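In: predicted model follows, preceded by the sequence.
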Amino acid sequence: MVEPAPLLPLPGGGWCALGGGTAEPVSAPPRPLPAEAAPRPEAAPPAAARRRGTGLEALHLSLSGVALALPSALAEHIHPMPELLPLPGAPPWVRGLALAGGAPILVLDSLALAGGGGAEEAPAWLLALRWQGRRLGLPAARIAAGPAVPALRQFEAWLDGPEARAALALAPPALEEATSRTIPERHLVLFRAGGLRAALPAEAVRAVLAPVRAQSLPGGGGPGGSGFVAPHRGELLPVRDAGLRLGAAPAAHGTATPMIRLALARECLVAVSAIEGVRRVPAADITPLGTGEGLVTGLARVQGENLMLLSPTALAA
């Protein structure tokens, strides 16, 4: 007789069936025991004992020979490992962003959280977690449900620490929180820099410039630093290289390049590889990240692609 797949409770109610390394939502509650095997009412164990008997108090992740246990109550879903989008300026225990279940998620480094290291095997699965209204993901080669173990305290201690608070500041909101925006749509200026596509709020852009060559100042810094300036409307403005600010290849290679003038208290120009124009994007397609204080403040879904929405202030810093 084939054993039914174990059922895992989900936050906020509902269940998912865990089997074959993945989990699928189901609407049915846990299957009752057959009538002949059902215990008599007077012999029923207490609720705590029944929960222990299910073996679903913890999820056990393994990757590159390192194991990590976490409370199953945090689990939202298990997805095939998606492609990662880099998140410039993120702390070392953050691997990047991904699209899982149709919504963005902040992907953490499972090995770093478990205290492991060495050569990493390719993860096959991404465990999506929901914590304090935010979505976090943990890559894994294998995921299994099991009983509570002392190792759970390690992950729970991490949740109470400064690294977890820093991750929450970058993580996108859970699905139900993502629909609470009041602005129906926003205008974004799309551009390319260093091989990456990104966007800026249109209200933060004063002008876009045809290709112009930045000039270095005596004793100035490297390309993209405060030691470079370019003229616009009778002013010499400092130039920032968007490619370098995104941790990628420089957009300016000593030649003329398109630039974006930012409307800030201290205005500056941002050198980019190409300017794609202005797009109207529905607010429902923009997912904010954390508190919005970093370089990447959100993800914008434009023509089926997730673009980094950048902070003009952080980009100009």
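Out: Done, it's in.
In: going forward, measure contacts and count neighbours with C-alpha atoms only.
Out: Will do.
In: list the contacts of stretch 115-124.
Out: Residues outside stretch 115-124 that contact it (C-alpha atoms under 8 Å, 6 or more residues apart in numbering) are 63-64, 66, 80-81, 111, 139-142.
In: can I get it in PDB, CA atoms only?
Out: Output of stretch 115-124 as PDB, limited to C-alpha atoms (Å, rounded to 0.1, in the frame of the first residue of the first chain):
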ATOM      1  CA  GLY A 115      28.100  27.900   9.600                       C
ATOM      2  CA  GLY A 116      29.400  25.800   6.700                       C
ATOM      3  CA  GLY A 117      31.700  26.600   3.800                       C
ATOM      4  CA  GLY A 118      33.700  25.000   1.100                       C
ATOM      5  CA  ALA A 119      32.700  24.000  -2.400                       C
ATOM      6  CA  GLU A 120      28.900  24.400  -2.900                       C
ATOM      7  CA  GLU A 121      26.800  21.900  -4.800                       C
ATOM      8  CA  ALA A 122      24.100  23.400  -7.100                       C
ATOM      9  CA  PRO A 123      20.900  23.800  -5.100                       C
ATOM     10  CA  ALA A 124      17.800  22.100  -6.600                       C
END
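In: start the count at 715, not 1, going forward
Out: Noted, 715 is the first residue going forward, which turns the last one into stretch 829-838.
In: could you list the buried residues of it?
Out: Buried residues in stretch 829-838, counted by 16 or more other C-alpha atoms under 10 Å: 830, 837-838.
In: stretch 962-979 now?
Out: Those buried within stretch 962-979 under the rule 16+ other C-alpha under 10 Å are 963-966, 971-977.
In: from one end of it to the other, what's the distance?
Out: Stretch 962-979 has an end-to-end distance of 27 Å (C-alpha to C-alpha, to the nearest Å).
In: now it, how far from the centre of its chain.
Out: Stretch 962-979 has its C-alpha centroid displaced from the chain centroid by 26 Å (C-alpha atoms, centre = their mean, to the nearest Å).
In: for that stretch, which outside residues touch it?
Out: Contacts of stretch 962-979 (C-alpha under 8 Å, 6+ apart): 907-910, 917-928, 937-938, 955-958, 981-989, 1026-1027.
In: just the ones of those residues in strands?
Out: Among the contacts of stretch 962-979, DSSP state E puts 907, 910, 919-926, 955, 982-985, 988-989 in strands.
In: next up, phi/psi of residue 786, please.
Out: The phi and psi values for residue 786, taken as degrees, to the nearest 10, are phi -70, psi -20.
In: pull the helix or strand with minimum mean pLDDT from this structure.
Out: helix 761-768 (a mean of 37; mean pLDDT, DSSP states H and E).
In: tell me the mean pLDDT over the following helix or strand past that helix?
Out: Elements were assigned by DSSP states H and E; along the chain past helix 761-768, the next helix or strand is strand 772-777. In this model, strand 772-777 carries a mean pLDDT of 88.
In: quick one on the thing from earlier: now, among the buried residues of stretch 829-838, which is nearest to residue 1022?
Out: Comparing these against residue 1022 with C-alpha to C-alpha places residue 837 closest, at 24.2 Å.
In: before we move on, back to that, out of the contacts of stretch 962-979, which end up buried?
Out: Buried, going by 16+ other C-alpha under 10 Å: 907-908, 910, 918-919, 922, 926-928, 937-938, 955-958, 981-989, 1026-1027, out of the contacts of stretch 962-979.
In: quick check: bridge partners of residue 912?
Out: Taking DSSP bridges as the rule, residue 912 bridges to residue 905, residue 1022.
In: with the one 10 residues further on instead?
Out: Here residue 922 sits in beta bridges with residue 974, as judged by DSSP bridges.
In: next up, the contacts around it.
Out: Here residue 922 is in contact with 972-975 (criterion: C-alpha under 8 Å, 6+ apart).
In: could you check how far it is from residue 819?
Out: In terms of C-alpha to C-alpha, residue 922 sits 32 Å off from residue 819.
In: repeat that for residue 975.
Out: Distance from residue 975 to residue 819, by C-alpha to C-alpha: 31 Å.
In: what's the span of stretch 828-843, first residue to last?
Out: Stretch 828-843 has an end-to-end distance of 16 Å (C-alpha to C-alpha).
In: residue 865 - nearest residue in space that isn't next to it in sequence?
Out: Leaving aside its sequence neighbours, residue 865 sits nearest to residue 783 (C-alpha to C-alpha, 6 or more residues apart in numbering; 6.0 Å).
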